[in-house]
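Peer 1: give the three-dimensional model of this entry:
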Amino acid sequence: MPIVAPAGQDVSTLRATLSNPPVLNDVPQEPHLLMLDANPAIMAASDHYRRLIERSLDERGTIVMRGPQEALAILKPRHVRIWPNATTVVVTSRMGTRVDAIKDEDDRNTEQIARIAAAHVARASAAEASLSQRGADRKRSPRAAGTGDFTKTVEFAIRPASPVETCTAFGNRLAASAFERPLNADEQRALSREVGRWCQSGTLSSYTGTMMPSPVPNWKNADKARLNLLTEWALVRSEDALAPANSKFYFWVKTIGEGAGTGFTRALHDTATFTNNVMYGLADATIHTGWGRTYLRDPRSWTYPTGSEYWPHRDPELFGCDFGDRGSVCPASANVVRLFPSDTFNNQMTTASATALQFGGTVGVTGTASATPSAQVSVLLNLNRTDTTTRTATINLTHAQTSAAKHYSRTTRWRPDVPAVWDYLAARRITGLFGTATPTASTLNPEYDLLWQIPLHANRGKSMLFTIIYEAGWNHCFREDCATQRQPPDPTIPPQTRGYWSDSVVVDLSS
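Peer 2: Purely as a prediction, here's the structure:
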């Protein structure tokens, strides 16, 4: 697969990582990798390079863009609705648009960039191959569309387990419902382009447990806390032909991963300990999500219950849309359709395992009968229903609770049930490490799943900032009383420490 370097960038390291593919200076009509550094020369001709990026995506290209966040936002393809705040962005538009951010130390790691780009290409190729194989294996239906132009009513459902799976499943089911026969290359390309208008997905967060958090203002940093978590997003469009005012977008955010070591975690063998009647290293975890500018360095933005309190006296004020910040663009009439996990009752909570999306509408295909085939696929679909498959999870000696007191944000906290943990240890005469007693003593998987509904017409023309914040606390407690951010009278008990990680994307409905 060739590398395209339109501005003559040095791609020797990337080329060596990818087994020395040919280097071109223009976009070919085949899958390729387009490298673009947003340097001053490129930004001086930003319209030209944006058109080049869009042409590359039409020709099944994978784009790797590097540069300042503001510059990459200017080069964003017009049809892409969600754009990460990052200095390296990878984009593919084959059977759904995929956008991934590469942050921090990884954006200078050519091998890591090559791996992510190669994964994009592999996923896109697999999606196209899956569509071709489905067509080859499928017997032609008596109701199959002919090879000429047609319009057809369709209805289908998909059940993706993760946001990134959504667009592939959407494209495959749309093709099966509309054509009911194998697609030719021209039709497949047109369908892929149209699927990218209706379904986009990507990575909101990707942490591998190596990056320390930033300190929460007024607290020392929880430098023992680690985050090993992948969070994905999907944006799905729903058009109501009979009542256009009811058209909307569904914005789905979900953490991915099961089993050992996923979520808020810590170093190997570093579990909470019980020594001299003091519990050391009980963790708490919080996920904040919301709209508008964030105020992460303002101490007044943060709240946390200390000691035996079960909820703060007020909710955090981290997101500008919650308090009328003039610089924040906020989604009008947006609402949360669902949020998991549920609050805990008797050490149990409900989590989401899969989501079913049911669509209905029309598909039109034109241009197939012309002398030089140039198929165009147009889709008008309404997302009729969203159903969630749930399961019950046991989370010992831990409270999970979500506050919905703010219109534009949600805060979900996982806190150790400190008195119950104490009773558990005392009843069993446990001393030393007690990581098996509760997730807050070892690793806590949040299994977070959030779905926002955003009306299209009320928000047309807006670019809105959405942020997810992961907060971790390190607590040291005697019975039900835990240390605050101040040093306790007993010098052997450290104060509470807190840290956070955050990621943002811009939801762009301006075009």
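
Peer 1: name the residues of stretch 218-225 that are buried.
Peer 2: Neighbour counts over stretch 218-225 (16 or more other Cβ atoms under 10 Å) mark 219, 220, 221, 222, 224, 225 as buried. Heads up, the C-betas are built off the backbone N, CA and C, glycines and all.

Peer 1: contacting residues around the nearest residue to the last one once chain neighbours are set aside?
Peer 2: What sits nearest to residue 225 in space, not counting adjacent residues and going by Cβ to Cβ, 6 or more residues apart in numbering, is residue 472, at 3.8 Å. With contact set as Cβ atoms under 8 Å, 6 or more residues apart in numbering, residue 472 has these partners: 213, 222, 225, 227, 264, 283, 284, 285, 286, 498, 499, 500.

Peer 1: these in strands, which ones?
Peer 2: 227, 264, 283, 284, 285, 286, 498, 499, 500 (DSSP state E).

Peer 1: from residue 424, how far out is the last one?
Peer 2: In this structure, residue 500 lies at 29 Å from residue 424, with Cβ to Cβ, to the nearest Å as the measure.

Peer 1: out of the contacts of residue 472, which one sits closest to residue 73?
Peer 2: residue 500 (23.9 Å; Cβ to Cβ).

Peer 1: the nearest residue to that closest one once chain neighbours are set aside in helix, strand or coil?
Peer 2: Closest residue in space to residue 500, ignoring its immediate chain neighbours: residue 471 at 4.6 Å, by Cβ to Cβ, 6+ apart. Classification of residue 471 using DSSP: H, G, I helix; E, B strand; the rest coil returns strand.

Peer 1: number of nearby residues for residue 471?
Peer 2: Neighbour count for residue 471, taken as other Cβ atoms under 10 Å: 26.

Peer 1: quick one: buried residues of stretch 481-495?
Peer 2: Within stretch 481-495, the residues that count as buried by 16+ other Cβ under 10 Å are 482, 483, 488, 493, 494, 495.

Peer 1: cool, and stretch 72-90?
Peer 2: 72-73, 75-77, 80-90.

Peer 1: hey, what's the residue lying closest to residue 209 once chain neighbours are set aside bridged with?
Peer 2: Distances taken as Cβ to Cβ, 6+ apart place residue 228 nearest to residue 209, at 3.8 Å, with adjacent residues excluded. Note on residue 228: beta-bridge partners by DSSP bridges are residue 208, residue 263.

Peer 1: and the strands in the stretch 101-250 of the chain?
Peer 2: Taking DSSP state E, counting those that start in this stretch as the criterion, the stretch 101-250 of the chain carries its strands at 150-158, 199-208, 214-215, 226-238, 248-256.

Peer 1: so how far is the first one off the chain centroid?
Peer 2: Distance, stretch centre to chain centre, for strand 150-158: 28 Å (Cα atoms, centre = their mean, to the nearest Å).

Peer 1: quick check: neighbours of it in the sheet, parallel or antiparallel?
Peer 2: strand 348-366 (antiparallel).

Peer 1: each with direction, which strands does the following helix or strand past the strand it pairs with pair with?
Peer 2: Heading C-terminal from strand 348-366, the first helix or strand you meet, by DSSP states H and E, is strand 376-394. When pairs are called by DSSP bridges, strand 376-394 turns out to pair with strand 348-366 (antiparallel).

Peer 1: bridging residues for the spatially most central residue of the chain?
Peer 2: Centroid-nearest residue in the chain: residue 232, 2.6 Å away (criterion: Cα atoms, centre = their mean). Beta bridges link residue 232 to residue 203, residue 254, judged by DSSP bridges.

Peer 1: hang on, the earlier thing: out of the buried residues of stretch 481-495, which are inside strands?
Peer 2: Within those, residues falling in strands by DSSP E are residue 482.

Peer 1: got the buried residues of stretch 481-495 as CSV, with pLDDT and distance to residue 392 columns?
Peer 2: What follows is those, written out as CSV (pLDDT from 0 to 100; distance: Cβ to Cβ, whole Å):
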residue, pLDDT, distance to residue 392
482, 91, 29
483, 91, 34
488, 90, 38
493, 94, 36
494, 95, 36
495, 94, 36
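
Peer 1: need the buried residues of stretch 481-495 in TSV (columns: distance to residue 38).
Peer 2: Converted to TSV, the buried residues of stretch 481-495 look like this (distance: Cβ to Cβ, whole Å):
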residue	distance to residue 38
482	47
483	47
488	50
493	50
494	44
495	43
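
Peer 1: biggest separation within the buried residues of stretch 481-495, which pair?
Peer 2: Across the buried residues of stretch 481-495, the longest distance by Cβ to Cβ is 11.0 Å; it joins 482 and 494.

Peer 1: for the protein, what helix or strand is lowest in average pLDDT?
Peer 2: helix 110-137 (a mean of 71; mean pLDDT, DSSP states H and E).

Peer 1: how about the contacts made by residue 300?
Peer 2: Residues counted as contacts of residue 300 (Cβ under 8 Å, 6+ apart) are residue 317.

Peer 1: measure it to residue 171 for me?
Peer 2: To residue 171, residue 300 is 46 Å away according to Cβ to Cβ.

Peer 1: could you do residue 20 as well?
Peer 2: Noted for residue 20: a distance of 33 Å to residue 171, by Cβ to Cβ.

Peer 1: neighbour-wise, which of these two wins?
Peer 2: Neighbours were counted for residue 20 and for residue 171 using other Cβ under 10 Å; residue 171 has more, 26 against 10.

Peer 1: do you have the helices of the stretch 401-511 of the chain handy? List them.
Peer 2: With helices called from DSSP state H, counting those that start in this stretch, the stretch 401-511 of the chain shows them at 418-428.

Peer 1: show me where pLDDT drops low in it?
Peer 2: Filtered on pLDDT under 70, the stretch 401-511 of the chain yields no residues whatsoever.

Peer 1: same thing with the chain?
Peer 2: Within the chain, the stretches with pLDDT under 70 are 104-108, 127-128, 130-147, 305-314, 368-373.

Peer 1: got the domain ranges for it?
Peer 2: Following the TED database, the chain resolves into domains at 3-102, 199-350+396-509.

Peer 1: can you put those in TSV and add distance to residue 162?
Peer 2: Putting these into TSV (distance: least, Cβ to Cβ, whole Å) gives the following:
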stretch	distance to residue 162
domain 3-102	12
domain 199-350+396-509	5
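
Peer 1: which phi and psi does the residue nearest to residue 478 when sequence neighbours are not counted have?
Peer 2: Spatial nearest neighbour of residue 478, chain neighbours left out: residue 278 (5.4 Å); criterion: Cβ to Cβ, 6+ apart. For residue 278, the backbone dihedrals are phi -120, psi 130 (criterion: degrees, to the nearest 10).

Peer 1: how many neighbours does residue 197 have?
Peer 2: Counted with other Cβ under 10 Å, the neighbours of residue 197 add up to 16.

Peer 1: ok, so of the contacts of residue 472, who is nearest residue 441?
Peer 2: Using Cβ to Cβ, residue 283 is the member of the contacts of residue 472 that sits closest to residue 441, with 7.4 Å.

Peer 1: the closest one touches residue 438, doesn't it?
Peer 2: No: counting by Cβ atoms under 8 Å, residue 283 stays clear of residue 438, with 9.5 Å between them.

Peer 1: which residues are in contact with each of those two?
Peer 2: Common contacts of residue 283 and residue 438 (Cβ under 8 Å, 6+ apart): residue 416.

Peer 1: higher neighbour count, the two?
Peer 2: More crowded of residue 283 and residue 438, by other Cβ under 10 Å: residue 283, with 27 against 22.

Peer 1: for that one, which non-adjacent residue is closest in space?
Peer 2: The shortest distance from residue 283 to any non-neighbouring residue, by Cβ to Cβ, 6+ apart, is to residue 440 (4.9 Å).

Peer 1: measure that neighbour to residue 223 for me?
Peer 2: 18 Å.

Peer 1: relative to residue 402, how far out is residue 121?
Peer 2: Taken as Cβ to Cβ, the span from residue 121 to residue 402 is 38 Å.
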